[in-house]
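Student: Sequence below, structure please.
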Amino acid sequence: MRIAHLSDTHLGHMRYGKVVPETGINQREQDVYDAFERVVDGILADEPDIVVHTGDLFDSPRPANRAVYHAARQIRRIVERDIPLVLISGNHSTPRLRATGSLFALLGEFFGGVHAVYSAQYEKLVTRGVAFHAMPHCFSQEELEAQVAQISPDPTARYNIALLHVGIRGFREFRMAEANEQILGEDQLPKAMDCVLLGHYHKHVSLQPGVWYAGSIERFSFGEVGQTKGYCLFDPEDPQPQFREIPVRPMLDLDPIDATEMDADDLLEAMAGRLQAQPLSGAIVRLGLRHVPPATRANLDLRQLRDLVADALHFAIRWEREGDGPEEKEVSSGTFRPLEDEWRSFMETADVHGRDRSALTRAGLEYLTSVVGEDEPDAVDLFGS
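Tutor: Below you'll find the model as predicted:
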């Protein structure tokens, strides 16, 4: 038996202000649809017995019609081959309120062969002799832990496979630093399973034999620079995932330039040299600048770089300012936080005047993710007006 495992497709994800000229669709949104189609192409070529998706099919709990269309189109290709699809909802695809309906209800109703688990509680599904112990995103950490504790193997099943959309805390940590993510200790994972398939963490990685993340199908942040994207194929008799890589848009986070002793001309020359050495065509690119003297920054004419980066999809500059605290310097040394993370950090200590801090944090995150083309703090987009 062969099972295909994919995760974190985030259909409907938008970023930056570029659109596909022929359609007007946000280019990054289209990139994700294209990646999803390539994954399904590969899965169908592999002819698995079952396909599993471990969460965040959509980038939001209320996806746009276009995202729903692309999901339905690829799901139909799978089930038309008589391949069952088992999927769980993740933190991005789960409504914040219990009373809010879920689009996942329609998937199982309109597509025969689709088994969707989305009601924030553990469910066991059996298909083709495999018992899938499906644990979708819950409304609270406490509910998650209580539900996971109920999972036990089905002795009548040929194989027992657990599905979860969580971060993992153990000798190493696997998390996305999102406000509503849920974390389990490695020792809290379901026991006596043939394998445990995980979603949420965007890098494909094995935690231990039989336990792994498939990773996301595209790069969604600069924290994913250098990561390969795709899906996994495995035989539960010997659960060693074979990773099937797909091509995705290049993303470059260039080594920062230390401008301590540079004037504006020197810095422009150094930036040009750094950029000329890179394959920028179609890429998402960021260049960090450290310790730029105020006079140098004031005299820096970034328009002189436009021709160099004209073929990139997106180019931004990230500044590391004098006087930043140690945490900010550590972040800026290589992995830069998106605006959502800045909001979370602010809300950890902000005076909320007696309001619900968690609710305010979630509301802010929902607003930020609804804005098309948002840039990171202190970033300069040379393609802007």
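Student: residue ranges for the strands of the stretch 101-250 of the chain, please.
Tutor: Counting by DSSP state E, counting those that start in this stretch, the stretch 101-250 of the chain has strands at residues 114-117, 123-127, 130-135, 159-165, 167-169, 173-174, 183-185, 195-199, 205-208, 211-213, 229-235, 238-246.
Student: mean pLDDT for those: which is lowest?
Tutor: Lowest mean pLDDT within the strands of the stretch 101-250 of the chain: strand 173-174, a mean of 81.
Student: So Pro190 versus Val19, what's the distance?
Tutor: Plainly put, Pro190 is 44 Å away from Val19 if you go by CB to CB, to the nearest Å. Quick note: C-beta positions are derived from backbone N, CA and C, even for glycine.
Student: neighbour-wise, which of these two wins?
Tutor: Higher neighbour count among Pro190 and Val19: Pro190, with 22 against 17, using other CB atoms under 10 Å.
Student: pLDDT weak spots in the stretch 151-300 of the chain?
Tutor: Low-confidence segments of the stretch 151-300 of the chain, defined by pLDDT under 70: 171, 179.
Student: Stretch 215-232: end-to-end distance?
Tutor: With CA to CA, to the nearest Å as the measure, the first residue of stretch 215-232 is 9 Å from its last.
Student: Give the buried residues for the lengthiest helix in the chain.
Tutor: Using DSSP state H to define each element, the chain has its longest helix at helix 27-46. Neighbour counts over helix 27-46 (16 or more other CB atoms under 10 Å) mark 27-40, 42-44 as buried.
Student: what about the residue nearest to Asp82 when sequence neighbours are not counted, how many neighbours?
Tutor: Using CB to CB, 6 or more residues apart in numbering and skipping the chain neighbours, the partner closest in space to Asp82 is Gly113 (7.1 Å). Look at Gly113: counted by other CB under 10 Å, it has 18 neighbours.
Student: isn't Gly113 right up against Arg81?
Tutor: No: Gly113 is beyond contact range of Arg81, at 9.3 Å (criterion: CB atoms under 8 Å).
Student: could you pull out the helices for the stretch 151-300 of the chain?
Tutor: 264-276, 294-298 (DSSP state H, counting those that start in this stretch).
Student: Can I get the ones you listed in CSV including mean neighbour count and distance to Gly282?
Tutor: Shown next, in CSV, are the helices of the stretch 151-300 of the chain (neighbours: other CB atoms under 10 Å; distance: least, CB to CB, whole Å):
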stretch, mean neighbour count, distance to Gly282
helix 264-276, 15, 15
helix 294-298, 12, 29
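Student: Looking at the ones you listed, spot the one closest to Ala4.
Tutor: Counting by CB to CB, Ala4 lies closest to helix 264-276 out of these; the figure is 39.2 Å.
Student: what are the C-alpha coordinates of that closest one, in CSV please?
Tutor: Written as CSV, here are the backbone C-alpha positions of helix 264-276 (Å, rounded to 0.1, in the frame of the first residue of the first chain):
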residue,chain,number,x,y,z
ALA,A,264,25.9,56.6,0.2
ASP,A,265,28.0,55.9,-2.9
ASP,A,266,30.0,53.1,-1.2
LEU,A,267,26.8,51.5,0.0
LEU,A,268,25.1,51.6,-3.4
GLU,A,269,28.2,50.1,-5.0
ALA,A,270,28.2,47.3,-2.4
MET,A,271,24.5,46.6,-2.9
ALA,A,272,24.9,46.6,-6.7
GLY,A,273,27.7,44.1,-6.4
ARG,A,274,25.7,41.8,-4.1
LEU,A,275,22.7,41.9,-6.4
GLN,A,276,24.6,41.4,-9.6
